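# 3D model of this:
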Amino acid sequence: MRHEELPVIDIEPFRLGNNSAKKSVAQQVDEALCTTGFMSIVGHGISEKLIKRAREAALEFFTLDLVEKMKIANPPEHMSRGYNWVGNRSLAYTLGEETPPDLQEGFAFGPFDFDRSGYYAQPEAASFFAPNVWPKQPSNFRSIFEDYYLELSSLAQKIMCLFAVALDLPEVYFNDKIDKPTSVVRIVHYPAQDTAPLDNQLRAGAHTDYGTLTILYGDDTPGGLQVRLRNGRWIDVHPTPEALICNVGDLMARWTNDRWISNLHRVVNPPSRHASANRIAIPFFHNTNHDALIECVPSCLGTDGTAKYPPVLFSDLYLKKQTKAERKPGLTVGKLHE
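The predicted model follows:
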């Protein structure tokens, strides 16, 4: 595999700069998202201290006994809440691929800073604003990750403004579609592997993300993230300590008439000599309001003024794909170190 790197883009001039500086950053973003759909961002304003605290809390949680973690198992009636055990999910299912379940465990939570009435109490909003479930240990787990969620949510709002400028739209174009976001943080642990994976079994099968954009912290360890290029080759992603990985999801690709790529990515298994390596990843999945109408933005219509896709509600797109990731009966997973 040839060694290639994702483009590294400093977004601080957009966050703090004038219109000229913003346009320069936006042009770099447009090029990256047209080419691979991924970029490495620096100057994002998220403190290394917060990321370190989040990683440490995640690792402490995942070292708990399985019985303890299962006390906050993902409630069957709720999406993206609580603990998912090894063998519970396969992201390749979302693309119709028949593979063994992914070699990962995770914990997910969603919005929490809102009044549970009115808009948020609508029946169609229930899955997106369901109560979070939290572990009792570590004692600071909830406070750390609520801080993390708020910081990443603020960053995502700024990146959506950056996206608007990159698409030759007013900077506030997306604001009324993301003012009640349904974003999710999923904390992922890829355990050490003491037996060989099954055929076609990965830490995370090849998939695309569902929403607008993903902002990822991930350990740079063997058995990490890979992204597929347009020519079909896979490249390893090696984030620098100060960088976060950002990619667009299916929703943004649809919004841009496929000008921007919702690209395939996966997490591969470590080489056998590094099978004892754990890995922590903390993706923030930014999503729109549950009732946002997703239709091609004016600057991305075809030359004849048409769009590839009809308008659709975000909730319809998201729920259809989210449910496909659930584990299918009869699939098993090899024994893993916790």
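# neighbours around Lys23, how many?
Using other C-beta atoms under 10 Å, Lys23 is surrounded by 15 other residues. Any C-beta I mention is one placed from the backbone N, CA and C, and that applies to glycine too.
# hmm, it is touching Val165, no?
Yes: using C-beta atoms under 8 Å, Lys23 is in contact with Val165, at 6.6 Å.
# can you give me the strands in the stretch 151-300 of the chain?
Secondary structure of the stretch 151-300 of the chain, counting by DSSP state E, counting those that start in this stretch: strands at 184-190, 204-207, 213-218, 225-228, 234-236, 244-248, 265-267, 279-286, 293-294.
# elements contacting the last one?
In terms of contacts (3 or more C-beta pairs under 8 Å, 6 or more residues apart in numbering; DSSP states H and E), strand 293-294 is packed against helix 250-255, strand 312-313, helix 314-322.
# export the strands of the stretch 151-300 of the chain as a markdown table, with columns for mean pLDDT, mean neighbour count and distance to Ser139.
What follows is these, written out as a markdown table (pLDDT from 0 to 100; neighbours: other C-beta atoms under 10 Å; distance: least, C-beta to C-beta, whole Å):
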| stretch | mean pLDDT | mean neighbour count | distance to Ser139 |
| --- | --- | --- | --- |
| strand 184-190 | 97 | 23 | 16 |
| strand 204-207 | 90 | 22 | 30 |
| strand 213-218 | 97 | 22 | 22 |
| strand 225-228 | 94 | 20 | 31 |
| strand 234-236 | 93 | 17 | 36 |
| strand 244-248 | 97 | 26 | 27 |
| strand 265-267 | 94 | 22 | 30 |
| strand 279-286 | 97 | 23 | 19 |
| strand 293-294 | 96 | 16 | 40 |
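# from Arg116, how far off is the closest residue to Ala54 other than its chain neighbours?
Using C-beta to C-beta, 6 or more residues apart in numbering and skipping residues adjacent in sequence, the residue nearest Ala54 is Tyr148, 4.9 Å away. Per C-beta to C-beta, to the nearest Å, Tyr148 is found 22 Å from Arg116.
# what's the answer for Arg279, then?
35 Å.
# quick one: furthest residue from the center of the protein?
Most distant from the centre of the chain: Asp304, at 33.7 Å, with distances by C-alpha atoms, centre = their mean.
# with adjacent residues omitted, what lies nearest to Ile245?
Using C-beta to C-beta, 6+ apart, the nearest residue to Ile245 is Leu216, at 4.2 Å.
# hmm, back to that, let me have the strands of the stretch 151-300 of the chain in JSON lines, extended by distance to Phe38.
Shown next, in JSON lines, are these (distance: least, C-beta to C-beta, whole Å):
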{"stretch": "strand 184-190", "distance to Phe38": "18"}
{"stretch": "strand 204-207", "distance to Phe38": "14"}
{"stretch": "strand 213-218", "distance to Phe38": "9"}
{"stretch": "strand 225-228", "distance to Phe38": "5"}
{"stretch": "strand 234-236", "distance to Phe38": "10"}
{"stretch": "strand 244-248", "distance to Phe38": "4"}
{"stretch": "strand 265-267", "distance to Phe38": "7"}
{"stretch": "strand 279-286", "distance to Phe38": "13"}
{"stretch": "strand 293-294", "distance to Phe38": "21"}
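# out of the ones you listed, nearest to Val29?
Shortest distance between Val29 and the strands of the stretch 151-300 of the chain, using C-beta to C-beta, is found for strand 244-248: 8.9 Å.
# packing partners of that closest one?
Using 3+ C-beta pairs under 8 Å, 6+ apart: strand 244-248 touches strand 38-42, strand 213-218.
# by how many degrees do it and strand 38-42 diverge?
140 degrees (axes from the mean of the first three to the mean of the last three C-alpha atoms, to 10 degrees).
# now the angle from strand 244-248 to strand 279-286?
Using the same axes, to 10 degrees: strand 244-248 against strand 279-286 is 50 degrees.
# what angle sits between strand 244-248 and strand 213-218?
Using the same axes, to 10 degrees: strand 244-248 against strand 213-218 is 150 degrees.
# ok now strand 244-248, how far from the chain's centre?
The chain centre lies 8 Å from the centre of strand 244-248; the measure is C-alpha atoms, centre = their mean, to the nearest Å.
# then stretch 304-321?
19 Å.
# tell me the spacing between Gly87 and Asn289.
From Gly87 to Asn289 the distance is 33 Å (C-beta to C-beta).
# ignore the last one, Gly37
Counting by C-beta to C-beta, the gap from Gly37 to Asn289 is 23 Å.
# likewise Gln193?
Distance from Gln193 to Asn289, by C-beta to C-beta: 40 Å.
# how about Arg186?
20 Å.
# equivalent analysis for Leu251, please.
Leu251 is 12 Å from Asn289, by C-beta to C-beta.
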